[in-house]
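Peer 1: here is a sequence with its predicted model. Questions after.
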Amino acid sequence: MDAQRVDLILIGARGKVGAAFRQLLARQQLALLAEVNLDLRLLAAFDRRGFAFDAIGLAPGSLEGAMYARAGADVERLIEFVATRAGVPTIAVDCTASDEIADLYPQLFDKGIGVVAANKRANARTLAFYHGLQRSAREHGVPYRYETTVGSAIPLLGPLRDLRLRGERVESLQGVLSGSLSYILHRMHEGCPFSAAVVEARDLGYTEPDVMEDLRAIDLSRKLLVLAREAGFSMEVDDMRVELLGDLQIDVDDVVPALQLLDDGWRIRVEAALARGERWVAVAEATPDAARIGLHSLPAHSPFAQLAPGQNLIEIRTELQDRMPLRVSGPGAGVEITAAGVLSDAVSAAMHWPSRH
Ligand SMILES: NC(=O)C1=CN([C@@H]2O[C@H](COP(=O)(O)OP(=O)(O)OC[C@H]3O[C@@H](n4cnc5c(N)ncnc54)[C@H](O)[C@@H]3O)[C@@H](O)[C@H]2O)C=CC1
Ligand SMILES: N[C@@H](CC=O)C(=O)O
């Protein structure tokens, strides 16, 4: 039997997650062919500045030399090429943190192109936009997957969807959802200054391209919103209460000197918590009616206070799993693990292409 060819368009190809995704794809292409008869090719790749295309497939592991300066209409031409070409399912893999790319999803679905996203922005817009994307993907018979947008590669959104499909009502969600805040808070309890812990989290690839999105819990709010919606809660951004980590209105390129001004304050708060036998934890919670994010000082024996640096833990209570809630845990951030989750989504989308016979 001929292998099933599926083409990928990688957006954010030279970013941290995008580059790790390319390396992983390069390593797995032959195994996918041998093990599941899937011929997954990289048709095109682009980022803010560069563009590359090859109708028979680019070499994902050595793309740098193939990229040339992106021209105005490259992306539109690429979408038209894919739309007018018959027979090869195509998936756009969004490894950006860009609203401009999220704006493209409806057009991609219209043209029969599926989407795999590490980018959280599309699903964290209005509820109407979120439902519109789900509906549009379904109506056009194309996959739309975004497992890594909450809890990185932890299987979370898929199992949550399975609960809903078997008719089990989710009653509440509670957890540590930010990998970077999990890391930063953990390191501070080990005596690391706040600003140094932020730099470490950034160097490990745990933070957003704009680290202030992590520190101001903007990224965490997006995750909680997506998670709540996937649980079936009709949640809008305004339904969420977010207590920030302090007065963090820092608007300069190099945030570190400003963060250093907060080191002493944090040291005092952390020492006081440890003296009480507690630890600071950034907790996100949602019920069907409300959602909130707050920084809590929890007893050290709480499961949320015992996580490894960067670890996430999500507790899901349903009508059947109330006294013994479902708990899902694992690394909540990291470039390689996220790229692995994105590849899982791409492989699964390719193998279960909705309109394939
Ligand atoms: N690092 C992690 O642990 C996780 C990251 N993510 C998400 O992965 C995404 C990527 O993160 P990073 O790789 O750290 O970011 P990055 O800043 O290293 O890379 C972003 C890439 O997107 C490209 N880009 C930005 N705007 C664009 C546009 N309008 N058109 C085309 N290309 C554009 C940039 O040129 C760059 O190549 C983010 O949305 C992040 O939230 C999701 C889960 C976990
Ligand atoms: N910045 C994010 C990374 C994954 O989305 C986090 O800290 O959890």
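Peer 2: Structure's in. What do you need? Ligands and ions are numbered 1, 2, ... in the order given.

Peer 1: could you check how far residue 231 is from residue 38?
Peer 2: Going from residue 231 to residue 38 by C-beta to C-beta, to the nearest Å gives 31 Å. Just so you know, the C-beta spots here come from the backbone N, C-alpha and C atoms, and that holds for glycine as well.

Peer 1: and those two? Which one has more around it.
Peer 2: residue 231 (23 against 19; other C-beta atoms under 10 Å).

Peer 1: please name the nearest non-neighbouring residue to the more buried one.
Peer 2: Nearest non-adjacent residue to residue 231, counting by C-beta to C-beta, 6 or more residues apart in numbering: residue 170, 4.0 Å away.

Peer 1: and residue 279, that's in a strand?
Peer 2: Yes. According to DSSP: H, G, I helix; E, B strand; the rest coil, residue 279 belongs to a strand.

Peer 1: the closest residue to it other than its chain neighbours and residue 14, how far apart?
Peer 2: In this structure, residue 279 finds its nearest non-sequential neighbour in residue 305, 4.3 Å apart by C-beta to C-beta, 6+ apart. Here the criterion is C-beta to C-beta. By it, residue 305 lies 38 Å from residue 14.

Peer 1: more neighbours: these two, which one.
Peer 2: residue 305 (22 against 18).

Peer 1: just the strands in the stretch 151-300 of the chain please.
Peer 2: Under the criterion DSSP state E, counting those that start in this stretch, the stretch 151-300 of the chain contains strands at 170-176, 240-242, 278-286, 291-299.

Peer 1: quick one: low-confidence ranges for the stretch 151-300 of the chain?
Peer 2: Within the stretch 151-300 of the chain, the segments meeting pLDDT under 70 span 244-252.

Peer 1: residue 279 and residue 273 touch, don't they?
Peer 2: Yes. Here residue 279 lies in contact with residue 273, judged by C-beta atoms under 8 Å, at a distance of 5.9 Å.

Peer 1: wait, what's in contact with the most centrally placed residue in the chain?
Peer 2: With distances taken as C-alpha atoms, centre = their mean, the residue of the chain nearest its centroid is residue 149 (2.2 Å). Contact partners of residue 149, counting by C-beta atoms under 8 Å, 6 or more residues apart in numbering, are 117-120, 123, 157, 222-223, 226.

Peer 1: from residue 105, how far off is the residue in the stretch 151-300 of the chain positioned nearest to ligand 1?
Peer 2: Closest to ligand 1 within the stretch 151-300 of the chain is residue 209: 3.4 Å, counting by C-beta to the nearest ligand atom. According to C-beta to C-beta, residue 209 stands 19 Å off from residue 105.

Peer 1: quick check, the residue in the stretch 1-150 of the chain closest to ligand 1?
Peer 2: residue 15 (2.0 Å).

Peer 1: now that residue: phi and psi?
Peer 2: Here is the backbone geometry of residue 15 (degrees, to the nearest 10): phi -80, psi -180.

Peer 1: and the nearest residue to it once chain neighbours are set aside, what does it touch?
Peer 2: Of all residues not flanking residue 15 in the chain, residue 95 sits nearest, at 5.7 Å (C-beta to C-beta, 6+ apart). The contact partners of residue 95, by C-beta under 8 Å, 6+ apart, come to 10-13, 15, 17-18, 21, 118-119, 342.

Peer 1: list the beta-bridge partners for residue 176.
Peer 2: Assessed by DSSP bridges, residue 176 has beta-bridge partners residue 313.

Peer 1: now residue 315: which helix or strand?
Peer 2: strand 311-318 (DSSP states H and E).

Peer 1: mind checking how far that strand is from the chain centre?
Peer 2: 16 Å (C-alpha atoms, centre = their mean, to the nearest Å).

Peer 1: contacts for that strand?
Peer 2: Against strand 311-318 from outside (C-beta under 8 Å, 6+ apart): 151-152, 154, 156, 160, 163, 168-179, 182, 227, 231, 303-304, 307, 325-332.

Peer 1: run the last query once more with 6 Å
Peer 2: 151, 168, 170-177, 182, 307, 325-329, 332 (C-beta atoms under 6 Å, 6 or more residues apart in numbering).

Peer 1: filter these by proximity to ligand 2?
Peer 2: residue 332 (C-beta under 6 Å from any ligand atom).

Peer 1: quick one: contacts for residue 343?
Peer 2: Going by C-beta under 6 Å, 6+ apart, residue 343 touches residue 24.

Peer 1: so what does residue 129 look like in phi/psi?
Peer 2: According to degrees, to the nearest 10, residue 129 has phi -70, psi -40.

Peer 1: helices along the stretch 201-350 of the chain, start to end?
Peer 2: Ranges of helices in the stretch 201-350 of the chain, per DSSP state H, counting those that start in this stretch, are 212-215, 218-230, 256-260, 263-275, 335-351.

Peer 1: how close does residue 128 sit to residue 34?
Peer 2: From residue 128 to residue 34 the distance is 44 Å (C-beta to C-beta).

Peer 1: typo on my end, it should be residue 69
Peer 2: 37 Å.

Peer 1: and residue 292, by the same measure?
Peer 2: Distance from residue 292 to residue 34, by C-beta to C-beta: 48 Å.

Peer 1: okay, those two: which has more neighbours?
Peer 2: A direct count of neighbours by other C-beta under 10 Å for residue 292 and residue 34 places residue 292 higher, at 16 against 10.

Peer 1: quick one: contacts for that one?
Peer 2: With C-beta under 6 Å, 6+ apart, residue 292 has these contacts: 241, 285.
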